[in-house]
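S.K.: Need coordinates for the below:
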Amino acid sequence: MPAKKVAVVIGSLRKDSINRKFAHELIALAPPSLEFNIVEIGELALYNQDLEEHGATAPQAWTHFRQRIKEADAVLFVTPEYNRSVPAPLKNAIDVGSRPYGDSAWSGKPAAVVSVSPGAVGGFGANHHLRQSLVFLDMPVLQQPEAYIGGAAGLLGDDGKLNNDRTREFLTKFVAAFAAWVETNAKS
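M.R.: Next up is the predicted model:
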């Protein structure tokens, strides 16, 4: 059976972000039943319906992003928390992928959310705000285990790799649960 394709959407745009490092660690811990591809969101123009209606052609970055999401069997979101919510670039990517109305790239794709923060709360607010949007987008979201990674900077070594066995065990359990979730809920 071929591996299920998982689009990884990282809420932080920083090249050296903690979230990007954790995304790579999750990918490394995943079973071979999943094939991960990071789908970048930094080049997406702010969503504006005027850019694609009345005969206008959507920006190429939007079209490419939507296609990459549509090609995926599932989506893994890895995000920081900004002001108790998701970062603006991630919210914009969600909006871009959900349009044009009636042709959402997200619809029906199983998803999971990992929030990563240097703070103690682990991005709880961002995690739950994102889940609200995903419910509306008809994305079945992995419910357990929930993944709020607090104190994240101390969980990575100078090489950007996990240096905490308990966190590695948890993330291994999480990605295994996600693989089972994808297998059960993916349409293809």
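S.K.: What residues sit buried inside the longest helix seen in the chain?
M.R.: Ranked by residue count under DSSP state H, the longest helix found in the chain is helix 165-185. When neighbours are counted by 16 or more other Cβ atoms under 10 Å, the buried residues of helix 165-185 are found to be 167-168, 171-172, 174-179, 181-182, 185. All C-beta atoms are positioned from the backbone trio N, CA, C, and that covers glycine.
S.K.: who's in contact with that helix?
M.R.: Helix 165-185 is contacted from outside by 4, 6, 22, 25-26, 29-31, 33-34, 73-74, 76, 110, 112, 114, 140, 142, 144-145, 147, 149, 155, 162, using Cβ atoms under 8 Å, 6 or more residues apart in numbering.
S.K.: Would you confirm that H129 belongs to a helix?
M.R.: Yes. Remark: H129 belongs to a helix, assigned using DSSP: H, G, I helix; E, B strand; the rest coil.
S.K.: and it, how many residues sit next to it?
M.R.: H129 sits with 20 neighbouring residues when counted by other Cβ atoms under 10 Å.
S.K.: low pLDDT regions in the protein?
M.R.: 188 (pLDDT under 70).
S.K.: for the residue nearest the centre of it, helix, strand, or coil?
M.R.: Taking Cα atoms, centre = their mean, the centroid of the chain lies closest to F77, which sits 1.5 Å from it. Per three-state DSSP, the local secondary structure of F77 is strand.
S.K.: rewinding a little: chain center to the longest helix of the chain: distance?
M.R.: For helix 165-185, the distance between its averaged C-alpha position and the chain's averaged C-alpha position is 14 Å (Cα atoms, centre = their mean, to the nearest Å).
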